[in-house]
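Asks: Structure for this input, please:
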Amino acid sequence: MISDYDEKLPNEIVAHYEQGDEIQRLSSSLGQLEETRIRELITRHLPSTPAVAYDVGGGPGNYACWLARQGYEVHLVDPVPLHVEQAAAASQAQSDYPVAELCVGDARHLW
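Replies: Next up is the predicted model:
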């Protein structure tokens with residue numbers, strides 16, 4: 001799914017996300033509002049299951065895991081290895097509804 005790419009993310013972006021704070025962002029007060037709204041928008045536009053969903057820039061897997069629990073075959077792509085590791089752990093924690101594929105990749109270079 002991901003093509004080879006040479007373009008790297010800017011160091012300040014990598015440094016920010018490698019702090020690991022993204023995994024808790026949606027559980028904060030403002031994050032909860034964001035998550036509720038995004039889920040509403042996703043639900044409005046996705047086809048009914050069974051279907052395939054791609055979570056590009058999926059971070060630690062909040063939405064990917066939620067979609068997998070809804071019956072979607074979910075493929076998560078994120079440029080930050082820590083996020084993919086966190087998403088893998090979240091997917092393993094819901095072993096009855098795993099995310100189909102998790103990989104490090106860049107949204108600017110999907111094929």
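Asks: what residues are up against Ala107?
Replies: Neighbour list for Ala107: Val56, Gly57, Val77, Pro79 [criterion: C-beta atoms under 8 Å, 6 or more residues apart in numbering]. Heads up, the C-betas are built off the backbone N, CA and C, glycines and all.
Asks: ok, the residues you listed vs Glu12, which is closest?
Replies: Lowest distance from Glu12 to these (C-beta to C-beta) belongs to Pro79, with 13.6 Å.
Asks: tell me which element Leu82 is part of?
Replies: helix 81-93 (DSSP states H and E).
Asks: What helices and strands are in contact with that helix?
Replies: If contacts are counted by 3 or more C-beta pairs under 8 Å, 6 or more residues apart in numbering; DSSP states H and E, helix 81-93 sits against helix 22-25, helix 62-69, strand 73-78, strand 101-104.
Asks: could you redo the last one with a cut-off of 10 Å?
Replies: Contact partners of helix 81-93 among helices and strands, from 3 or more C-beta pairs under 10 Å, 6 or more residues apart in numbering; DSSP states H and E: helix 11-17, helix 22-25, helix 62-69, strand 73-78, strand 101-104.
Asks: would you list the ones you listed in CSV and tack on mean neighbour count and mean pLDDT?
Replies: Output for the helices and strands packed on helix 81-93, formatted as CSV (neighbours: other C-beta atoms under 10 Å; pLDDT from 0 to 100):
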stretch, mean neighbour count, mean pLDDT
helix 11-17, 12, 89
helix 22-25, 15, 90
helix 62-69, 22, 98
strand 73-78, 24, 97
strand 101-104, 17, 96
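Asks: Make JSON lines from these and add distance to Leu33 to it.
Replies: Formatted as JSON lines, those follow (distance: least, C-beta to C-beta, whole Å):
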{"stretch": "helix 11-17", "distance to Leu33": "22"}
{"stretch": "helix 22-25", "distance to Leu33": "12"}
{"stretch": "helix 62-69", "distance to Leu33": "14"}
{"stretch": "strand 73-78", "distance to Leu33": "23"}
{"stretch": "strand 101-104", "distance to Leu33": "27"}
